[in-house]
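Colleague: Build me a model from this:
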Amino acid sequence: MDASIATKGKAMTEQRRPHGGLKARIVDLLWQNGKGLTAKELQARFGDDGQIPALSTILTVLERLRKSGDVIRVPGDAGEYLYSPTPAEADEAVESMLGALMKSSDRTDVLLGFAGSLDADDLETLRKAIDRAGPDH
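Modeller: Residues are numbered from 1 along each chain as shown. Alright, predicted model coming up:
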């Protein structure tokens, strides 16, 4: 094999992201943003590491993430799709619990009913969470 080809191949390999690195970076960027991003907006957020993926590559990864349920895609204003990370199961549960609490006219009754339905382990976890939140919450 020609030495220049071997050297070029080695240099290209050293510049590649680790397997799964692009997927992880895209998900991280979506979580950091806090709102939906287009593929072009995602691409613009790359660059701090000098490795800017092609737009088609970003779109491919986003589609795979969407199919696996890790990303949500909604139509945006300009005809492009906006991508957001799928909320974690715990986040969804918290939102649901807070929503139920906010709808109630008697929050105390709801909280007492909720706490009264917990087993000993869950009550201990709730006590620790309340202690950690501190008196200002």
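
Colleague: gap between the nearest residue to Ile52 once chain neighbours are set aside and Asp28?
Modeller: Once flanking residues are discounted, Ile52 sits nearest to Phe46: 4.6 Å by CB to CB, 6 or more residues apart in numbering. C-beta: built from backbone N, CA, C; applies to glycine. Look at Phe46 and Asp28: by CB to CB, to the nearest Å, they are 11 Å apart.

Colleague: who's more crowded, those two?
Modeller: Phe46 (16 against 12; other CB atoms under 10 Å).

Colleague: can I assume the more buried one is in contact with Leu22?
Modeller: No - applying CB atoms under 8 Å, one finds Phe46 not in contact with Leu22, separated by 9.3 Å.

Colleague: so what sits against both of the two?
Modeller: Residues touching both Phe46 and Leu22 (CB atoms under 8 Å, 6 or more residues apart in numbering) are Pro53.

Colleague: what about the helices in this protein?
Modeller: For the chain, helices defined by DSSP state H occupy the ranges 3-15, 21-33, 39-45, 55-67, 89-103, 107-116, 120-133.

Colleague: What pLDDT is listed against Ser56?
Modeller: Here, the pLDDT recorded for Ser56 equals 95.

Colleague: oh, and call the first residue 394 from now on, that's how I've got it
Modeller: Sounds good: first residue 394 from here, last item Ser449.
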